[in-house]
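>>> Sequence first, predicted model second:
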Amino acid sequence: MMLGLALGDTLGTTRGKLPADGPLRAGVSTQLACFTAEGTIRAWVRGNHKGSCHPPSVVWHAYGRWAALQGIEIERMRQRWAHGDDVWPDGWLARVPVLAERRGSAPATVAALAKTEPGSLGRPTTSRGCHALTRTLPVAVVGAAHGSKQSVRLAREIAALTHGDPAAQSAAAHAAVLVTHCLISTLEMQCSQSGERSQVRQAMMDGLDALADADPGLTGAEHKKLIRALLQADDQGAEVGRLAKLAPDATALSALLGGLYVAGSFPGRDQVGAALRFAAMAPDGDSVACVAGALLGAAHGVEALPVDLISRHELAWVLDTLARDLIAQLTDSPSGSEYTPGWDDHWWDRYPGW
């Protein structure tokens, strides 16, 4: 899932036209998704050791580290987060050079980080951009571990930190559930093309069915839009005009509808590369391809991602490490807890619980 979203982000940013050789550059959605994953790990570390935690606040701190690396409000960030002479930004992720490079704009996220306090649910604004969704995709792993209801609430709250539009928050929550169901679905790796189509579509349909129970705020109109986008992948699949109608702009809802349509149009394990290149043709190709890559990566596993592209991506090791560590934290708590010793003495230094 993590590698799929990153490949989609990269292909979408270049409109599907990658250089013939050399490293593939990460986009800003990938950078932010890295800090969402890291912040989620640190939130669970804190909860295990302190007994209570508000995960969105810990993820907000993670975005503050990204902003400081990017040169955004450095002194104010340091005053807000640094403790005395302690090294800050802390944690291993802050030492990755690529994350300090500007890789596109995230205006609503940057504007929110420049303020003193984060946004929250019930505080509506006009911010409805795609980063509310794309950076929140790693929350789907929480849903796989603890249930879709928890990922819905967490995705909404994390989206609301910077994007106050309810539709953007809903799109982030609904994407988390769909990716969760792709992650937990049991797929047969050795199957026919038609079987793959059935299995991938079934995973996404299961996610759409689960939304009604997982998200009490889901409206009938929202549910119908999502179902229609997936059904159109069967009736009018892989049509550039249809993609443009479903995903006409850079909003979170467009990213979700477009990503769902692309994943449904290219469900085969050998079609991931073609899917991402098609997604890149959307008016805002990076966000649509990011969502499609997350869905297909989650559904098929890393083996289905194009090796020639993954091996060139500059954050491949970082993304793989975060993915493995996120699963380890949710299932095994390597640093232990308040009352139980852990098995990794360095985990707290890698993921300080605050």
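Right, received. Where do you want to start? Keep in mind that what you see is a predicted model, and the values were worked out from it rather than measured.
>>> where are the low-confidence patches of the stretch 1-150 of the chain?
84-85, 116, 122, 124-125 (pLDDT under 70).
>>> all helices for it, in order.
For the stretch 1-150 of the chain, the helices defined by DSSP state H, counting those that start in this stretch cover 2-13, 28-50, 55-69, 74-81, 107-113, 131-134, 140-146, 148-160.
>>> can you list the ones you listed in JSON lines and add distance to Ala233 and mean neighbour count?
In this view, the C-beta of every residue, glycine as well, is placed from N, C-alpha and C. Below are these laid out as JSON lines (distance: least, CB to CB, whole Å; neighbours: other CB atoms under 10 Å):
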{"stretch": "helix 2-13", "distance to Ala233": "16", "mean neighbour count": "30"}
{"stretch": "helix 28-50", "distance to Ala233": "23", "mean neighbour count": "24"}
{"stretch": "helix 55-69", "distance to Ala233": "32", "mean neighbour count": "23"}
{"stretch": "helix 74-81", "distance to Ala233": "43", "mean neighbour count": "14"}
{"stretch": "helix 107-113", "distance to Ala233": "29", "mean neighbour count": "19"}
{"stretch": "helix 131-134", "distance to Ala233": "19", "mean neighbour count": "32"}
{"stretch": "helix 140-146", "distance to Ala233": "20", "mean neighbour count": "22"}
{"stretch": "helix 148-160", "distance to Ala233": "22", "mean neighbour count": "25"}
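>>> now for the ones you listed, which one comes closest to Gly258?
Nearest of the helices of the stretch 1-150 of the chain to Gly258, taken as CB to CB: helix 2-13 at 10.2 Å.
>>> And that closest one, what does it pack against?
helix 28-50, helix 272-279, helix 285-300, helix 307-310, helix 316-332 (3 or more CB pairs under 8 Å, 6 or more residues apart in numbering; DSSP states H and E).
>>> Give the buried residues for the last one.
Which is helix 316-332. Ala316, Val318, Leu319, Thr321, Leu322, Ala323, Asp325, Leu326, Gln329, Leu330 (16 or more other CB atoms under 10 Å).
>>> would CSV of the helices and strands packed on helix 2-13 with distance to Ser254 be doable?
Output for the helices and strands packed on helix 2-13, formatted as CSV (distance: least, CB to CB, whole Å):
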stretch, distance to Ser254
helix 28-50, 14
helix 272-279, 12
helix 285-300, 7
helix 307-310, 24
helix 316-332, 24
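>>> Show me the residue at the heart of this structure, geometrically.
Leu137 (2.2 Å; CA atoms, centre = their mean).
>>> looking at it, that residue is touching Ala176, isn't it?
Yes. Leu137 is in contact with Ala176 according to CB atoms under 8 Å; the separation is 7.1 Å.
>>> Report how many residues lie close to the closest residue to Leu7 other than its chain neighbours.
Nearest residue to Leu7, sequence neighbours excluded (CB to CB, 6 or more residues apart in numbering): Gly293, at 5.1 Å. For Gly293, the neighbour count with other CB atoms under 10 Å is 31.
>>> Gly293 and Ser287: what is the separation?
Between Gly293 and Ser287 the computed distance is 11 Å (CB to CB, to the nearest Å).
>>> What of Ala132?
Distance of Ala132 to Ser287, given as CB to CB: 10 Å.
>>> Once you drop chain neighbours, what's closest to Leu330?
Leaving aside its sequence neighbours, Leu330 sits nearest to Ala145 (CB to CB, 6+ apart; 4.2 Å).
>>> Got the phi and psi for the spatially closest residue to Gly147 that is not a sequence neighbour?
Using CB to CB, 6+ apart and skipping the chain neighbours, the partner closest in space to Gly147 is Ala214 (7.9 Å). Per-residue torsions, Ala214: phi -80, psi -30 (degrees, to the nearest 10).
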